[in-house]
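1. Starting from these lines, generate the structure:
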Amino acid sequence: MSDDSQIFDLQLLKQRRDRAASNIFAHDFLLQRVAEDFAVRLSAVQRQFPIAVDLGAYHGVLARTVADIPGVLLVVSADCSRRMLSLCPSPRVLVDFEVLPFADESLDLVVSGLTLHLVNDLPGTLIQIRRALKPDGLLLAAVLGGETLRELRESFLLAESELEGGVSPHVAPFADVRTYGSLLQRAGFALPVTDSDVVTVTYSSPLALMQELRGMGATNTLISRRRTPLRRSTLMRACEIYVERYARPDGRIPATFEIITLTGWAPHESQQKPLKPGSAQVRLADVLRTREISAGEKAGPLPPKREE
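-> Next comes the predicted model:
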């Protein structure tokens, strides 16, 4: 019996990353973009992070970037793929993304580049990260959002509907900014912030895009994916639809990647907190220069405007 809560085949994810490791440096432009963005964000934080973990390290581009930031003394590379880890700087640890091996309050910083959106129990993983962080420790993660590969998703949907009378998922469902923000709050992070960066990349053809995704180790790992080979006629029709609907005047086709960045802090007493209801020192009515109306009192006509 299958578990309906399982969306992704994490064993297949490991295999895809193992396969991609041999040529990942040629297909890491999104990871490079995330690393550059994280360097800017972390450089603006006025505190030290002695012990950091790069969760979902791929080939270590993010770990190397974080290690160069002043105040970071140690970065542990963590991934599910042995072959990817072999490309990372030491120390390295092989992990299951849903059962993390880190002790409570042992880490100052957790960074993650383009991995957490592939976890089945993301709320559970976020809770584990929050527990592993020391008080006032920081999580900084980049995940893919709902706009990612929308052109490819729609092209396959139309082609399969037209030729086969049914559809199967070829592109994973990704959450939006608001959902990720809610998950941070549910996991107990303080001061949660999410923001989105939509990146459009062009390719010579849909097949070139698919080859790029394979090189990233980012092809379909959905449990509900099609288990029989895709018909060549369906693949070619999907490519035709992609070009017909989205091709630019120069003949190249766009591919959308939405990168959502999650920021959250492990709670600490020094952090800003919202004021408790009723703790205000000045009445709003005094600020607005108006009469306060108590609950149940019927509002009367507005008083004449006072001349200054």
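
2. Helices along the stretch 1-150 of the chain, start to end?
-> 10-20, 29-43, 61-67, 82-85, 122-132, 150-164 (DSSP state H, counting those that start in this stretch).

3. out of the ones you listed, deepest packed?
-> helix 61-67 (a mean of 22; mean count of other Cβ atoms under 10 Å). From N, CA and C alone the C-beta is placed, and that goes for glycine too.

4. Any idea how far that helix is from the middle of the chain?
-> Here the centre of helix 61-67 is set off from its chain's centre by 18 Å, with Cα atoms, centre = their mean, to the nearest Å.

5. quick one: low-confidence ranges for this protein?
-> The chain contains residues with pLDDT under 70 at 1-5, 165-171, 224-228, 273-285, 287-308.

6. can you do 50?
-> Within the chain, the segments meeting pLDDT under 50 span 1-2, 308.

7. Surely residue 36 is in contact with residue 68?
-> No: using Cβ atoms under 8 Å, residue 36 is not in contact with residue 68, being 11.8 Å away.

8. thinking again about what came up before, do you know which of the helices of the stretch 1-150 of the chain lies nearest residue 222?
-> Among those, the nearest to residue 222 by Cβ to Cβ is helix 10-20 (9.1 Å).

9. neighbouring contacts of that closest one?
-> Applying Cβ atoms under 8 Å, 6 or more residues apart in numbering, the set of residues contacting helix 10-20 from outside is 27, 58, 79-84, 96-98, 118, 120, 214-219, 221.

10. Which members of the residues you listed are classed as buried?
-> Among the contacts of helix 10-20, the ones that count as buried by 16 or more other Cβ atoms under 10 Å are 27, 58, 79-81, 83-84, 97, 118, 120, 215-219, 221.

11. If we only consider those, which is nearest to residue 156?
-> Set against residue 156, the nearest of those by Cβ to Cβ is residue 219 (12.7 Å).

12. For the closest residue to that closest one other than its chain neighbours, I want the exact helix or strand it lies within.
-> Leaving aside its sequence neighbours, residue 219 sits nearest to residue 213 (Cβ to Cβ, 6 or more residues apart in numbering; 5.4 Å). Per DSSP states H and E, residue 213 falls inside helix 206-216.

13. Return the set of buried residues in the helix or strand following that helix.
-> Of the helices and strands lying after helix 206-216 in sequence (DSSP H and E), the nearest is helix 232-246. By neighbour count on 16+ other Cβ under 10 Å, the buried set for helix 232-246 is 234-235, 237-239, 241-242, 246.

14. Turn these into CSV, columns for distance to residue 184.
-> What follows is the buried residues of helix 232-246, written out as CSV (distance: Cβ to Cβ, whole Å):
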residue, distance to residue 184
234, 39
235, 38
237, 41
238, 36
239, 38
241, 37
242, 34
246, 33
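
15. Cool, thanks, signing off.
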